[in-house]
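Peer 1: give me a 3D structure for the following:
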Amino acid sequence: MYPDEFWIISNAVFLTKSMPLSAFPFYPKNIAADKVIALPLFEATLHEMLGFPLFLYFLCIWNIAIMTILICCAYIIGKQFFGQKVGYLAALLIGWNWHIGWYGQRLLLDAGMMAFEFLTIVLYLRYIRNGDLKYLFASGLAAALTIWTKETALFLLPPIIVLLMLKNRQKISYTPIFLVAVIIGISPFMYICNMRYGNPLFPFVSRWTQFQAASPGLVLNTYYVMQIPFSISLIVSLFLILGIILLIKKRNYLFLVWGAFPIAFYMFIVPFGGWDYYLINYTPILLTIAAVGLENVTDIFIKKWGKIGIVPIPLSLVFTNLYGSPMLYSLSRGKISTLTFLHQRVQWNKYDAISQLIQQVESKQSDWWFAQLFYDSPGPDFTLIALTAIVFTFFVFTYGYLRGRRLNLDRIILNLKQRLLRVGDIL
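Peer 2: Purely as a prediction, here's the structure:
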């Protein structure tokens, strides 16, 4: 388990307990408490519903959900901007990429942030396409969830939203609806933080304090560019370069700016160290651009050689699923090797770690602080499980009913206005 996963679960358990903040072992360093609380809240909810150790086996719901959202949204975004073929290729490249998949199955924040960022963009694009204000409102809620999944979204999400607004200036007058939705979306998280930490923005303040203490100033860090071929593979990097050239020729700068901004952010604003999971904050965008180049090459090859021309597609999928670029991976560790390793996710059984943790907790031998809180942990709360199932079922049926009648926010508002006018006429 990564240290961040340990800290996030510790934070989740703290949120469910009645202990004061001063009793939190990581306080006042805030190693764990500086994590924004979307994922900890999800873990805390599972803990309250299922108890220890059952909740550990259901944490994978988070991973399944964010990867499904990310892949589906990549398809929709690719299709919206570049056509259905690029949409399919973008979804395949992101879904098969070893680096995204590796961190997408961990209880970490970066893949979740990108999944909700892509969801925000998809909902906003849906609003632009049909003008339905409910999608604009939903986009604002998704943006709030993105921010509370990882604080970096405060810097990485606004540029693409602003660019989309400027590209569709005729609808920019409805921006306040988006902002109101963001405020509504962040309010529950702020309330919980204020209740448990005494400050509605405690994670952000703590993170900013840590950043100021650790940052050496403005220093160029090329790590986040040099590691791109390692994370997406050398062959896909070639298609990325081709995709960039094609977008420049077509003067389609939206994706170029969207992808370049987070790279510049980590190169100049976050210059200390080099953490490969930060690459997840922009590799899905780069893989979408690579899909543009891959689709172009494949079309040319098919016209020239027929069906055999699709070879670049499976080749790209195989290499992006391999454990990085073999040469770069070896050289980064001072070795020279030509061996290629399949993505480690097929070799690792996360449930073995859970079994070991359960044994340590039951024998009271665990050194992990959060595990000590499970010594007297209650079992599943069937009342809470039943209430959750009822609420979820209610929302599913309500959504199906409204969708079946083809109701939308504009029609509801129109009907409300008409009724108010009738009341006014009567008065």
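
Peer 1: so I37 versus L179, what's the distance?
Peer 2: As for I37, its distance to L179 is 22 Å (criterion: Cβ to Cβ, to the nearest Å). For the C-beta atoms, the positions are set from N, CA and C on the backbone; glycine is no exception.

Peer 1: what about those two, which has more around it?
Peer 2: Set I37 next to L179 and count neighbours by other Cβ atoms under 10 Å: I37 wins out with 25 against 11.

Peer 1: verify the stated contact: that one with I192.
Peer 2: Yes. Under the criterion of Cβ atoms under 8 Å, I37 makes contact with I192 at 6.4 Å.

Peer 1: mind listing the shared neighbours of these two?
Peer 2: Contact criterion Cβ atoms under 8 Å, 6 or more residues apart in numbering; residues bridging I37 and I192 by contacting each: L15.

Peer 1: which residue packs closest to P229, ignoring adjacent ones?
Peer 2: With Cβ to Cβ, 6 or more residues apart in numbering as the criterion, P229 has its nearest non-adjacent residue at 4.5 Å, and that residue is S237.

Peer 1: the helix or strand containing that neighbour: which residues count as buried?
Peer 2: Element membership for S237, per DSSP states H and E: helix 234-249. Within helix 234-249, the residues that count as buried by 16 or more other Cβ atoms under 10 Å are I235, V236, S237, L238, F239, L240, L242, G243, I244, L246, L247.

Peer 1: which of these lies closest to S187?
Peer 2: Among the buried residues of helix 234-249, L247 lies closest to S187 (Cβ to Cβ), at 38.2 Å.

Peer 1: tell me how far the closest one lies from L21.
Peer 2: L247 sits 48 Å away from L21, going by Cβ to Cβ.

Peer 1: ok, now S355?
Peer 2: In this view, S355 and L21 are 32 Å apart by Cβ to Cβ.

Peer 1: ok, these two, which is more surrounded?
Peer 2: Using other Cβ under 10 Å, the more surrounded residue of S355 and L21 is L21, with 15 against 12.

Peer 1: that one contacts Y197, correct?
Peer 2: Yes. Between L21 and Y197 there is a contact at 5.9 Å, judged by Cβ under 8 Å.

Peer 1: assign V391 to helix, strand or coil.
Peer 2: When classified by DSSP: H, G, I helix; E, B strand; the rest coil, V391 comes out as helix.

Peer 1: what is the neighbour count of it?
Peer 2: Residues near V391, counting by other Cβ under 10 Å, number 10.

Peer 1: leaving out chain neighbours, which residue sits closest to L254?
Peer 2: L163 (5.7 Å).

Peer 1: now do the contacts for the one you found.
Peer 2: Counted by Cβ under 8 Å, 6+ apart, L163 has contacts L254, V257, W258.

Peer 1: what does L119 give?
Peer 2: Taking Cβ under 8 Å, 6+ apart, we find L119 in contact with I69, C73, A142, T146.

Peer 1: the second one and F202, how far apart?
Peer 2: It refers to C73. For C73, the distance to F202 (Cβ to Cβ) stands at 30 Å.

Peer 1: the more surrounded of these two?
Peer 2: Legend: neighbour count by other Cβ under 10 Å for C73 and F202, higher for C73 (26 against 21).

Peer 1: that one contacts I121, correct?
Peer 2: Yes. Assessed by Cβ under 8 Å, C73 is found in contact with I121 at 7.2 Å.

Peer 1: joint contacts of these two?
Peer 2: Contacts common to C73 and I121, judged by Cβ under 8 Å, 6+ apart, are absent.

Peer 1: can you list the weak-confidence ranges in the stretch 201-350 of the chain?
Peer 2: Judged by pLDDT under 70, the stretch 201-350 of the chain has its weakly predicted residues at 213-218, 271-273, 323-350.

Peer 1: rerun at 50
Peer 2: Where the stretch 201-350 of the chain drops to pLDDT under 50, the residues are 325-328, 330-331, 334-348.

Peer 1: residue ranges for the helices of it, please.
Peer 2: Along the stretch 201-350 of the chain, counting by DSSP state H, counting those that start in this stretch, helices occupy 202-214, 223-226, 228-232, 234-249, 254-264, 283-305, 312-321, 326-331, 350-362.

Peer 1: figure out which of those is closest to A389.
Peer 2: Within the helices of the stretch 201-350 of the chain, the stretch nearest A389 is helix 350-362; the backing value is 24.2 Å (Cβ to Cβ).

Peer 1: who touches stretch 69-85?
Peer 2: Residues outside stretch 69-85 that contact it (Cβ under 8 Å, 6+ apart) are 86-91, 94-95, 100, 104, 111, 114-116, 118-119, 121-122, 125, 129, 252, 254-255, 284, 287-288, 291-292, 295.
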